[in-house]
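[1] Make a model of this:
(one chain, ligands or ions: 2)
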Amino acid sequence: MNVYDSDKMKDIFISHNVQPTEDYLNADFVVLNTCHIREKATEKTYSNLGRINKKGKKNQKIIVAGCVAQAEGELIQKRAPYVDLVIGPQSIQSLDHFLERNDLSKNSVTEFDAIEKFDTLNQIKRNQNSKSAFVTIQEGCDKFCHFCVVPYTRGSEYSRTVYEIEDEVKSLVDLGVVEFTLLGQNVNAFHGNDASGQSHSLASLINAVSEINGVERITYSTSHPVNMTDDLIQLHGTNHKLMPFLHLPVQSGSNKILKLMNRKHSRDFYFDIIEKVRKAKPDIALSSDFIIGFPGETQKDFEDTLDLIRRIKYMNSYSFKYSPRPGTPAANKEEINKDILDERLAIIQELLDEQQMEYNRNFITKTVKVLIDGAGKLNGQIKGKSEFNQSVALEGEENYIGQIIPVQIKDVKMHSLIGVRA
Ligand code: 5AD
Ligand code: SF4
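    Ligands and ions are numbered 1, 2, ... in the order given. Prediction:
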């Protein structure tokens, strides 16, 4: 979602004749679009700010955006007083006003104003080079998992209207985009209205988007198990533009920990959802997020998580050490011993890597459809993404870029497949 918001900020800058550059030390403006999800990400903000302040050109304006801006606006101004503007993720539209006045004025804007944000940020000005794009359809979260800052940094759930989303998708199709990832912190809690004020589910929105001429592929992220409604599950079997890939974080395989996390679902509930999803789309690729070492996690709880992973079999997953976040209900709970945490993380990552390799190995000799999105790492190589969200590299001409082509898989690496054009 930060990538999406960064693109929106690019559009605002371009409308003021300020062009994007990678050479941030010599830029007139530097925007740090930050993440607050774990302590490590937050600390990166301050180390990056220190470096930019020391090495950046004279009179450079520094803007801090994103969730650290939202959560720690005052602290940023204390720890990095040279920062010119702090803007929260639902206030990025205010950048327009500051650039208009040509004065950032040491301001801090952290209103939760999702309606204003999406009403004003609807013109694409940047170069759209990629054939894939993110479209935020929903923002914020009302779930309040006890480890998570999102409900505090992105605010309460807000769904965009169906027609606003359709307009954005159509504009991106006009710029050559064929693959769309519909985004939201709780994307399957989507309940946006149509022009007559009637509310639509995510399944209904996906059907509407898939009818837009030029849209070839649709995925959505990130979902919560309790919002996996039957219409959405069934859609995986019936809508052929919906890719056979689902990221459905479970966080833990222990009922005790799921309860302490305030996840609002049990492990059996999760198994049931996966069973239904696999019934609707037997070859669907599944991925998840796991938090290791949430306060109170015993060896038995950890083993329950390993057991869940072994039973589900994921194609790819993310696992994180629990990071206490200020202001969340779990923040002051007693933490797990650091060595145990490191050991558990290594064990879970090894299991997830094994599953990923095994999943990918099953593709050898099979043919997948790959959306080619650029040159590969090696000379003469191109690369892209399969319908199962795997990275695929093959030898081929760059004129395939932007096309969906059949590729037969010959070899697998941990994070990618190698093939030839079929
Ligand atoms: N510590 C560790 N991981 C976290 N996540 C969210 N909050 C925390 C935290 N405090 C992880 C969850 C979520 C992913 C985006 O980040 O697994 O699904
Ligand atoms: Fe955070 Fe997701 Fe839980 Fe919402 S549902 S509080 S975004 S982990």
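[2] From here on, just use CA atoms for contacts and neighbour counts.
    OK.
[3] The residue in the stretch 301-422 of the chain positioned nearest to ligand 2: neighbouring residues, count only.
    For the stretch 301-422 of the chain, the residue closest to ligand 2 is residue 328, as judged by Cα to the nearest ligand atom, at 9.8 Å. Each residue near residue 328 was counted by other Cα atoms under 10 Å, and the total is 17.
[4] Show me what from this structure comes close to ligand 1.
    Applying Cα under 6 Å from any ligand atom, we find that the chain lies next to ligand 1 at 37-38, 147-148, 249, 251, 289-291, 320-325.
[5] out of the residues you listed, who's nearest residue 16?
    residue 37 (31.5 Å; Cα to Cα).
[6] quick one: contacts for that closest one?
    Listed by Cα atoms under 8 Å, 6 or more residues apart in numbering, the contact set of residue 37 reads 148-150, 325.
[7] helix/strand/coil for it?
    coil (DSSP: H, G, I helix; E, B strand; the rest coil).
[8] Distance check, it against ligand 2.
    Separation of residue 37 from ligand 2 (Cα to the nearest ligand atom, to the nearest Å) stands at 9 Å.
[9] With residue 165 instead?
    21 Å.
[10] Surely that residue forms part of a helix?
    Yes. Assessed with three-state DSSP, residue 165 lies in a helix.
[11] near ligand 2 too, which of the contacts of residue 37?
    Applying Cα under 6 Å from any ligand atom to those, those adjacent to ligand 2 are 148, 150.
[12] quick check, nearest of the contacts of residue 37 to ligand 1?
    Nearest to ligand 1 out of these is residue 148 (Cα to the nearest ligand atom; 4.2 Å).
[13] OK, contacts around residue 411?
    361, 364, 417-419.
[14] What's the per-residue pLDDT of it here?
    For residue 411, the pLDDT comes out at 96.
[15] Which secondary structure state does it sit in?
    Assignment for residue 411 (three-state DSSP): strand.
[16] Show me what it bridges to in the sheet.
    Beta-bridge partners of residue 411, counted by DSSP bridges, are residue 418.
[17] ok, it to ligand 1 distance?
    30 Å.
[18] quick revisit: which of the contacts of residue 411 lies closest to residue 105?
    Using Cα to Cα, the contacts of residue 411 come closest to residue 105 at residue 417, 50.3 Å.
[19] Is the closest one in contact with residue 392, as I believe?
    Yes. Taking contacts as Cα atoms under 8 Å, residue 417 lies within contact range of residue 392: 4.6 Å.
[20] tell me the domain ranges of the protein?
    2-114, 116-361, 367-421 (automatic domain parsing).
[21] Need the max-distance pair from the contacts of residue 37.
    Every pair of those checked by Cα to Cα; the farthest is 150 and 325, at 10.5 Å.
[22] Comparing the two, which shows the higher neighbour count?
    Remark: of residue 150 and residue 325, residue 150 carries more neighbours, 22 against 18, as counted by other Cα under 10 Å.
[23] Pull the contacting residues for the more buried one.
    37, 140-141, 144, 185.
[24] How about residue 236?
    242-244, 277, 280-281.
[25] That one is in what secondary structure piece?
    Per DSSP states H and E: residue 236 is located in helix 230-238.
[26] what does residue 11 give?
    Going by DSSP H and E, residue 11 is part of helix 2-15.
[27] For the helix or strand following that helix, name the packing helices and strands.
    Moving toward the C-terminus from helix 2-15, the first helix or strand encountered (DSSP H and E) is strand 29-34. Applying 3 or more Cα pairs under 8 Å, 6 or more residues apart in numbering; DSSP states H and E, one finds that strand 29-34 makes contact with helix 2-15, helix 39-55, strand 61-66, helix 67-79.
[28] would JSON lines of the ones you listed with distance to residue 24, mean neighbour count and mean pLDDT be doable?
    JSON lines is the format used below for the helices and strands packed on strand 29-34 (distance: least, Cα to Cα, whole Å; neighbours: other Cα atoms under 10 Å; pLDDT from 0 to 100):
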{"stretch": "helix 2-15", "distance to residue 24": "14", "mean neighbour count": "19", "mean pLDDT": "94"}
{"stretch": "helix 39-55", "distance to residue 24": "8", "mean neighbour count": "14", "mean pLDDT": "94"}
{"stretch": "strand 61-66", "distance to residue 24": "10", "mean neighbour count": "24", "mean pLDDT": "96"}
{"stretch": "helix 67-79", "distance to residue 24": "19", "mean neighbour count": "20", "mean pLDDT": "94"}
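[29] Save the ones you listed as JSON lines, and put in distance to ligand 2 too.
    Converted to JSON lines, these look like this (distance: least, Cα to the nearest ligand atom, whole Å):
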{"stretch": "helix 2-15", "distance to ligand 2": "14"}
{"stretch": "helix 39-55", "distance to ligand 2": "15"}
{"stretch": "strand 61-66", "distance to ligand 2": "15"}
{"stretch": "helix 67-79", "distance to ligand 2": "12"}
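[30] Quick check: residues of the stretch 101-250 of the chain near ligand 2?
    Residues of the stretch 101-250 of the chain lying close to ligand 2 (Cα under 6 Å from any ligand atom) are 141, 143-145, 148, 150-151, 185, 224.
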